[in-house]
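[1] okay, here's the prediction I keep looking at, along with the sequence it came from:
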Amino acid sequence: MFQFATMRMLAARLSPYLYRAKIGNVQSRNFSSPHYRKEGPSLEEEAERKIGWFFKLIFVGTATVVAYNMFPYMGENLMRQSVSLLRVKDPLFKRMGASRLSRFAINDEKRMQIVEMGGAEELLNMLGAAKDERTQKEALKALLALSPSDEAVGVLYRAGATSVIQSTPDSSEDADIMKYKLNLLNRFRELRYDVSS
């Protein structure tokens with residue numbers, strides 16, 4: 001930056017000597033004039049822009065590394081909090097907890113952690129007590145996220161999931177509720193569990 005400023009001052013002082021205007025022939029070109037600046041960004045501005053992007057990339061990289069290293073420690077805590085949200089009376093918090101659990105259930109290990117924390121039973125309680133379709137939908141979606149694990153399906157079956165799922169009323173407005181119910185019941189049938197009501 002210092003070099004650019006020094007060169008600019010030097011050019012401003014030397015320009016009257018180098019570019020003397022001959023009357024009627026050549027016009028002097030002032031490099032610091034507004035007309036010249038419109039032609040493109042100055043070298044100084046270009047350097048500042050590139051250095052700014054460099055610092056942004058360093059910040060994003062650092063934030064990514066920190067998040068990658070911190071998330072495993074936060075994961076189990078967040079799962080516990082999400083299961084705790086299912087115990088609250090407010091349906092909004094129940095939906096938030098169920099939505100989080102459905103995002104956490106990405107592999108069998110995580111699914112079983114949710115089941116061991118009591119998440120499966122709480123989701124069934126939430127579904128059975130749900131009075132609005134949005135709450136039913138989130139509960140069914142979270143249960144469906146747990147269903148790829150055979151062990152989790154066994155726990156759900158022993159907890160009476162089939163009767164709770166079948167007793168959930170169908171929705172005329174939200175087709176996802178019916179889709180989630182059918183997929184869950186089909187998963188129980190795949191594993192040879194009795195789903196007759």
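    Yep, that arrived.
[2] so where's the chain uncertain?
    Residues of the chain meeting the criterion pLDDT under 70: 1-7, 10-11, 14-40, 68-75, 197.
[3] now the residue nearest the centre of it: how far from R87?
    Central residue of the chain (Cα atoms, centre = their mean): R103, 10.1 Å from the mean position. Going from R103 to R87 by Cβ to Cβ, to the nearest Å gives 19 Å. C-beta: built from backbone N, CA, C; applies to glycine.
[4] and the gap between K131 and Y193?
    28 Å.
[5] the more surrounded of these two?
    Y193 (16 against 7; other Cβ atoms under 10 Å).
[6] before we move on, what SS does the more buried one have?
    coil (DSSP: H, G, I helix; E, B strand; the rest coil).
[7] and it, its phi and psi?
    Backbone torsions for Y193, taken as degrees, to the nearest 10, come to phi -90, psi 150.
[8] quickly find the element holding S84.
    helix 43-85 (DSSP states H and E).
[9] show me what whichever helix or strand comes after that helix packs onto, helices and strands only.
    Using DSSP H and E, the helix or strand that directly follows helix 43-85 along the chain is helix 91-104. For helix 91-104, the elements it packs on are helix 43-85, helix 108-116, helix 119-129, helix 133-146, judged by 3 or more Cβ pairs under 8 Å, 6 or more residues apart in numbering; DSSP states H and E.
[10] possible to save those helices as JSON lines with mean neighbour count?
    Shown next, in JSON lines, are the helices and strands packed on helix 91-104 (neighbours: other Cβ atoms under 10 Å):
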{"stretch": "helix 43-85", "mean neighbour count": "12"}
{"stretch": "helix 108-116", "mean neighbour count": "18"}
{"stretch": "helix 119-129", "mean neighbour count": "22"}
{"stretch": "helix 133-146", "mean neighbour count": "23"}
